[in-house]
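Colleague: prediction below, plus the sequence it came from.
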Amino acid sequence: MHDEQLDALLAHLESDSDPVEFDGLYADVDTNADASGDGGSYTLDVASSDERHENLSESAFRSVAGGDDVAPYVTNWYYWEVVVGDRGRHRRAFLRHAEAASEHSVPDRYAALRSGMHTVWGEVLVTATLGEDGRRRYEIRHTEDRDAEADDLDTYHDPLDARDIATYDDRGRYRPLKTAPSLVSGWVFADLDGRDAVETLDVLYPASVANWNLEREGDLDVTHWHETAERQTGIYGVVEDLPAEAVDWMAEACCVDSQCLKRREWEYDESHELDADGGTGAFPCREPCSLVVAAARKWTKLEEEETHTYEFELTPSEKEQVEEIVDAVADGRTEEIREADVYEGANRYRARFLRAKRFDEDGYFSGTPTHPEDHEADAEHDDGH
Amino acid sequence: MQALVIVAHGSHLNPDSSTPTHRHADTIRATGAFDEVKTGFWKEEPSLREVLRTVESDEVYVVPLFISEGYFTEQVIPRELRLSGWDVSEWDSDGLSADTATLVAEDTGQTVHYCGPVGTHEAMTDVLVRRAETVTGDPNVGEGFGFAVVGHGTERNENSAKAIEYHADRVREMGRFDEVQALYMDEEPEVDDVTDYFEVEDVVVVPLFIADGFHTQEDIPEDMGLTDDYRTGYDIPADVDGHRIWYAGAVGTEGLMADVILERAADAGAEIEAAIETVREETRETPAAGD
């Protein structure tokens, strides 16, 4: 323990009439006590000890506070009340969560922190450890790199470097949705303080810490689909017309865990829950995001179309192949299907064979025009010449 | 504690759209003028709806990284930030003079100084000129040069053209360039005919856009005849009809943009004079005149 930590505690006791009661530490000073009396005016007590130290002089207080069983409580107080403070309420709550502060005593936490305490946050693993004099240090890496040697990973120190990590997936494609489960691995923020740790998470998963804590405090402001749609103007004004059942399909398409790590808490409206699975993510999704709203605009237009009966000639295997192709695209598996794996319906050669066989020169499936009436009109017009 | 939040459009498709926003935020962050500097986007994250909750400060200066007053600055941003009681009359603007309005964010309770867009601030003229210095590599560029400011035009927003005219007038009044012209993508005088509007051989062309993208990287270079196909690139300067066109790309990528953001916050009451001086000097890519 540093002198400055103890100085801070003493200064706090002098300046505040209330005793310090924090994480099992009790400390107080009776500023009205007669300094010329026998005993001192300080009291010190920690949860793990049966002995309550009373009537301590300042030097006795310093001596007791520096003891092995008491010092962790003092350094713990210093870390939370001086270093972290309470200005960043969401930040503080997350850092407390990272060492399960509400569940374990200070000595237990210090023992656990020495070997590292883990929190999974989306696709990343946050490890809290104990630095010198009760200072906490935090390491952040991809969960896939859980067992990797730090030396084998690219090391970063500046939270803003996480922007580059989060911008592209492992195939170099832009990630417009930061909570898509496509964060690249192979990097580590090895030694962060609490502020930078939360800042890093806020770059990787923007606003996730704030929303998680608001939810924890029972204060999350969920905005359901209907209210979100009503708020839209300009080119997005139309999304209000998206039918409720299509909102369900949309949530199933976009918002399940395989597509987004946020746990969907918004529904169609307060009285109409969506059937789609909201997911199990650590942090909540409090309203439809801009990607969902933009996609909803497209679906609103598409869903305005009436169905039409088409006749197709397909073999049973070809019908199944169409289903396999849709599945492969929807599950993002097309890249995995091997060049020569002609047993996969979504194999490129299989798809090309189907196209060669079933598409006519206009690109129509089974030679069936998409808009048969327009097609017939065109044909008559052509005949006229 | 005072924070700066830069709000911008962003993109679902183009990762470069938000790059200048992040860069200017980094420049300002490095000055230490604000306790926190954050970015929020219409199309990226954190969203405009959630950016304020990522800010710990009680007092927040919000500067829109937009070119003109209009739909986004007057409707979308205040609505998404949940600025209680916002009405565009708070700015009392003629389309160019929006400065600041102080409101409370409904969800977080923060005091928000909501500033006018960067594009209409007078300091933006200096960025246009700085852009000309950067693209020519000459801190004294002016004599023997023409200068064109390019904008969208009025098709989408009449204030867009106002901002272009405003800065073109201001550059003209400087007397630094031989000729100055405002040009548009979708109305007369059109950027396609850039060489018709200048007598002088060398012409610097600066689009008044926040980020490089489809318009500044594909449309304008092809329209001006710098290249037949933007994918093959173009020379700087490029020879077109007996003129040399120094095409600068979006002015918003110029480092000095950070200064306009600071000016907006300073006009709204932030005490950041030292940071403004620092940013003006440190964002210069050419040797300072006289060096």
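Modeller: The structure has been received and is ready for your questions.
Colleague: where exactly do the helices run in the stretch 201-350 of chain A?
Modeller: For the stretch 201-350 of chain A, the helices defined by DSSP state H, counting those that start in this stretch cover A:208-216, A:225-231, A:244-254, A:290-303, A:316-330, A:348-358.
Colleague: the stretch 151-291 of chain B now?
Modeller: Under DSSP H, counting those that start in this stretch, the stretch 151-291 of chain B gives helices at B:158-174, B:220-224, B:257-267, B:273-282.
Colleague: rewinding a little: so which of the helices of the stretch 201-350 of chain A is the most surrounded?
Modeller: helix A:208-216 (a mean of 23; mean count of other CB atoms under 10 Å in any protein chain shown). Every C-beta, even on glycine, is put in place using the N, C-alpha and C of the backbone.
Colleague: which strands or helices does it pack on?
Modeller: Counting by 3 or more CB pairs under 8 Å, 6 or more residues apart in numbering or on different chains; DSSP states H and E, the packing neighbours recorded for helix A:208-216 are helix A:89-97, helix A:194-204, strand A:284-285.
Colleague: parallel or antiparallel, which strands does the last one pair with?
Modeller: Pairing partners of strand A:284-285, with direction, according to DSSP bridges: strand A:263-264 (parallel).
Colleague: what is the end-to-end distance of stretch A:69-81?
Modeller: Stretch A:69-81 has an end-to-end distance of 20 Å (criterion: CA to CA, to the nearest Å).
Colleague: pLDDT on it, on average?
Modeller: Mean per-residue pLDDT for stretch A:69-81: 96.
Colleague: what are the contacting residues of that stretch?
Modeller: The contact list for stretch A:69-81, computed with CB atoms under 8 Å, 6 or more residues apart in numbering or on different chains, reads A:1, A:5-6, A:8-9, A:12, A:20, A:22-25, A:44, A:46-49, A:64-65, A:92, A:96, A:101, A:106-107, A:109-110, A:133-136.
Colleague: list the ones among these that fall in strands.
Modeller: Among these, the members found in strands (DSSP state E) are A:V20, A:F22, A:L25, A:L44, A:V46, A:R136.
Colleague: make a markdown table out of the residues you listed and add pLDDT.
Modeller: Output for these, formatted as a markdown table (pLDDT from 0 to 100):
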| residue | pLDDT |
| --- | --- |
| A:V20 | 95 |
| A:F22 | 96 |
| A:L25 | 96 |
| A:L44 | 94 |
| A:V46 | 94 |
| A:R136 | 97 |
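Colleague: can you list the weak-confidence ranges in the stretch 151-291 of chain B?
Modeller: The stretch 151-291 of chain B contains residues with pLDDT under 70 at B:155-156, B:288-291.
Colleague: ok, now with 80
Modeller: B:153-158, B:287-291 (pLDDT under 80).
Colleague: next: chain A.
Modeller: A:1-2, A:31-40, A:372-385.
Colleague: residues of it that sit close to chain B?
Modeller: A:87-91, A:160, A:163, A:167-168, A:174, A:176-178, A:202, A:206-207, A:210-211, A:214, A:221, A:231, A:233-234, A:286-287, A:289-291, A:294 (CB under 8 Å from any CB of the partner chain).
Colleague: now do the SS call for the closest residue to A:A8 other than its chain neighbours.
Modeller: Excluding its sequence neighbours, the residue lying closest to A:A8 (CB to CB, 6 or more residues apart in numbering or on different chains) is A:V82, at 5.4 Å. Under DSSP: H, G, I helix; E, B strand; the rest coil, A:V82 falls in the helix class.
Colleague: relative to A:R163, how far out is A:V82?
Modeller: Taking CB to CB, to the nearest Å as the measure, A:V82 falls 30 Å from A:R163.
Colleague: the more surrounded of the two?
Modeller: A:R163 (17 against 13; other CB atoms under 10 Å in any protein chain shown).
Colleague: name the element that one belongs to?
Modeller: helix A:162-167 (DSSP states H and E).
Colleague: for the helix or strand following that helix, packing partners?
Modeller: Using DSSP H and E, the helix or strand that follows helix A:162-167 in sequence is strand A:187-192. Under the contact definition 3+ CB pairs under 8 Å, 6+ apart, strand A:187-192 sits against strand A:136-142, strand A:154-156, helix A:194-204.
Colleague: before we move on, the earlier item: can I get the helices and strands packed on helix A:208-216 in CSV with mean neighbour count?
Modeller: Below are the helices and strands packed on helix A:208-216 laid out as CSV (neighbours: other CB atoms under 10 Å in any protein chain shown):
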stretch, mean neighbour count
helix A:89-97, 21
helix A:194-204, 22
strand A:284-285, 22
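Colleague: among the ones you listed, which comes closest to B:F198?
Modeller: helix A:194-204 (45.1 Å; CB to CB).
Colleague: quick one, what contacts the nearest residue to A:T334 once chain neighbours are set aside?
Modeller: Distances taken as CB to CB, 6+ apart put A:A328 closest to A:T334, at 5.2 Å, once the chain neighbours are dropped. A:A328 makes contact with A:T334, A:I337, A:E344, A:G345, A:A346, according to CB under 8 Å, 6+ apart.
Colleague: once you drop chain neighbours, what's closest to the last one?
Modeller: Just to be clear, that refers to A:A346. A:A328 (3.4 Å).
Colleague: residues from chain B in reach of chain A?
Modeller: So chain B meets chain A at B:1, B:11-15, B:22, B:26, B:42-47, B:49-51, B:53-54, B:56, B:71, B:75-76, B:79, B:107 (CB under 8 Å from any CB).
Colleague: generate a PyMOL selection restricted to the buried entries among the residues you listed.
Modeller: Here is the PyMOL selection string for the buried members of these, based on 16 or more other CB atoms under 10 Å in any protein chain shown:
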select buried, chain B and resi 11+14+22+42+43+44+45+46+47+49+50+51+53+54+56+76
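Colleague: and the contacts of stretch A:167-182?
Modeller: In contact with stretch A:167-182 (CB under 8 Å, 6+ apart) are residues A:122-123, A:166, A:183-184, A:204-206, A:208, A:257-262, A:281, A:285, A:289, A:291, A:335, B:11-15, B:43-45.
Colleague: so A:R297 sits against A:G237, correct?
Modeller: No: at 9.1 Å, A:R297 and A:G237 do not qualify as touching, with contact defined as CB atoms under 8 Å.
Colleague: how about JSON lines for the helices of the stretch 201-350 of chain A, with distance to A:T75 added?
Modeller: Shown next, in JSON lines, are the helices of the stretch 201-350 of chain A (distance: least, CB to CB, whole Å):
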{"stretch": "helix A:208-216", "distance to A:T75": "25"}
{"stretch": "helix A:225-231", "distance to A:T75": "46"}
{"stretch": "helix A:244-254", "distance to A:T75": "46"}
{"stretch": "helix A:290-303", "distance to A:T75": "44"}
{"stretch": "helix A:316-330", "distance to A:T75": "53"}
{"stretch": "helix A:348-358", "distance to A:T75": "62"}
